[in-house]
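have a look; sequence and predicted model below, questions after that.
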Amino acid sequence: MVRAAASSTLPCSIEMSIIGAGRYREIRVSDTTSPRTITEIGEVPGGRSVRSLATGHFHADFGFKLRHHLGNTSTSLFSLSARDDQDSKEITVTSMGRGWGGFRRLVSSGEATESVSPVSLYGLHDNGRIYRYRVAAREGGQRVVTGAGSVAGFSDLKTIALISVTSSYHALLANTTSGQLVVIKIPTSSTMTATRTVIRTRTWQGFEHLAVADCNEGSTNVLVGIDHDTSSAYAYSMAFLKNTTSSILGHGQVAGSWPWLVFTSLHEAENPPQGA
């Protein structure tokens, strides 16, 4: 059950990236009754064929913002960077390989750079498996993707979103076709395994996308669920998610129409979420 919140104001703003009609935009929501803030960055090369955009990670400073994503089209994997400052905006897309059309959702644990260890890319496949890949950056910025296992048993999931990154596990928030809201924990060990914990047992099946923001090192989080059938979005605040007793408060429907079909969360690169 979701308890109604007294206020339309969210405990913190949530930032999301979208691709609609081939164009990349950033959306910020801080109150469900106030107009959302939309930053238009521009046309994405091949953007009309994008199937999924993985979790975004950004760097920002004094009017400058640079966002990084991985994503897939009906055939291939790509990387995308979206930059804007006071004077200009730029989108760069680089192809990273073919054979990725079967993934309906991608989630990335971080941004692959030369200065950090390989990050994990998770893909929810049409065959009902979750696949894990390691993504490493080589000198010159080239990214190398290596398979790191898969787990079956997730054909009932509608979507996945990153909700926690720790040294020992990564956690995905998901909803199911039967209406459950669940957390899937995947240890960072070499052998891929996954455990599922039910957070809510019913009524969550309507969302095709979930986006998460961490407000306070995981103790308070914001969730936005997007319903493609009605072009609407709903916002929630959540405590650290452990089980069915974890608190979730509804803040109501978010103002405006939400007609776009490709959504993902956008996190500050140095502060990944820790919500489960």
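Yep, it's here.

pretty sure residue 144 is touching residue 136, no?
Yes: using CB atoms under 8 Å, residue 144 is in contact with residue 136, at 5.1 Å. The C-beta positions use only the backbone N, C-alpha and C, and glycine is treated the same way.

what sits up against stretch 104-111?
51-55, 57, 68-72, 116, 119-126, 135, 159-162, 165, 170, 172, 269, 272 (CB atoms under 8 Å, 6 or more residues apart in numbering).

apply 7 Å and report the result again.
Here stretch 104-111 makes contact (CB atoms under 7 Å, 6 or more residues apart in numbering) with 51-52, 54-55, 57, 68, 70-72, 116, 119-124, 126, 159-162, 165, 170, 172, 269, 272.

buried ones among those residues?
Buried residues within the contacts of stretch 104-111, defined by neighbour count using 16 or more other CB atoms under 10 Å: 51-52, 54-55, 57, 68, 70-72, 119-124, 159-162, 165, 170, 172, 269, 272.

against residue 64, how distant is the most far-flung residue of the chain relative to its centre?
Taking CA atoms, centre = their mean, the residue of the chain most remote from its mean C-alpha position is residue 87, at 28.4 Å. Distance, residue 87 to residue 64, by CB to CB, to the nearest Å: 10 Å.

and residue 39, by the same measure?
The value you get for residue 39 to residue 64, if CB to CB is used, is 13 Å.

give me the more crowded residue out of the two.
Using other CB atoms under 10 Å as the criterion, residue 39 and residue 64 rank with residue 39 on top: 15 against 12.

where do the contact lists of residue 39 and residue 64 overlap?
Common neighbours of residue 39 and residue 64, using CB under 7 Å, 6+ apart, do not exist here.

can you verify residue 115 is assigned to a helix?
No: under DSSP: H, G, I helix; E, B strand; the rest coil, residue 115 sits outside any helix and is assigned coil.

what about it, distance to residue 260?
Separation of residue 115 from residue 260 (CB to CB): 33 Å.

so if I had to pick from these two, which one is more boxed in?
residue 260 (18 against 5).

contact partners for that one?
Listed by CB under 7 Å, 6+ apart, the contact set of residue 260 reads 18, 20.

sec struct for it, please.
Here residue 260 is recorded as coil under three-state DSSP.

who does residue 20 bridge with?
Residue 20 has these beta-bridge partners by DSSP bridges: residue 23.

count the neighbours of it for me.
17.

which ones are touching residue 9?
By CB under 7 Å, 6+ apart, the neighbours of residue 9 are residue 31.

wait, residue 114 touches residue 140, no?
No: between residue 114 and residue 140 there is no contact under CB atoms under 7 Å: 8.7 Å.

more crowded one of the two?
residue 114 (11 against 6).

give me the pLDDT value at the more buried one.
pLDDT for residue 114: 76.

quickly find the element holding the closest residue to residue 155 other than its chain neighbours.
The shortest distance from residue 155 to any non-neighbouring residue, by CB to CB, 6 or more residues apart in numbering, is to residue 128 (3.0 Å). Following DSSP states H and E, there is no helix or strand that holds residue 128.

residue 128 reaches residue 152, doesn't it?
Yes: the pair residue 128 and residue 152 passes the contact test of CB under 7 Å, sitting 6.3 Å apart.

list the buried residues of stretch 218-235.
218, 220-227, 232-235.

just the residues you listed: which are in strands?
Counting by DSSP state E, the part of these found in strands is 220, 221, 222, 223, 224, 225, 226, 227, 232, 233, 234, 235.

as JSON lines, these with distance to residue 108 and pLDDT would be great.
As requested, those are exported to JSON lines (distance: CB to CB, whole Å; pLDDT from 0 to 100):
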{"residue": "220", "distance to residue 108": "23", "pLDDT": "93"}
{"residue": "221", "distance to residue 108": "18", "pLDDT": "95"}
{"residue": "222", "distance to residue 108": "19", "pLDDT": "97"}
{"residue": "223", "distance to residue 108": "18", "pLDDT": "97"}
{"residue": "224", "distance to residue 108": "18", "pLDDT": "97"}
{"residue": "225", "distance to residue 108": "20", "pLDDT": "97"}
{"residue": "226", "distance to residue 108": "19", "pLDDT": "97"}
{"residue": "227", "distance to residue 108": "24", "pLDDT": "97"}
{"residue": "232", "distance to residue 108": "27", "pLDDT": "97"}
{"residue": "233", "distance to residue 108": "22", "pLDDT": "97"}
{"residue": "234", "distance to residue 108": "25", "pLDDT": "96"}
{"residue": "235", "distance to residue 108": "23", "pLDDT": "96"}
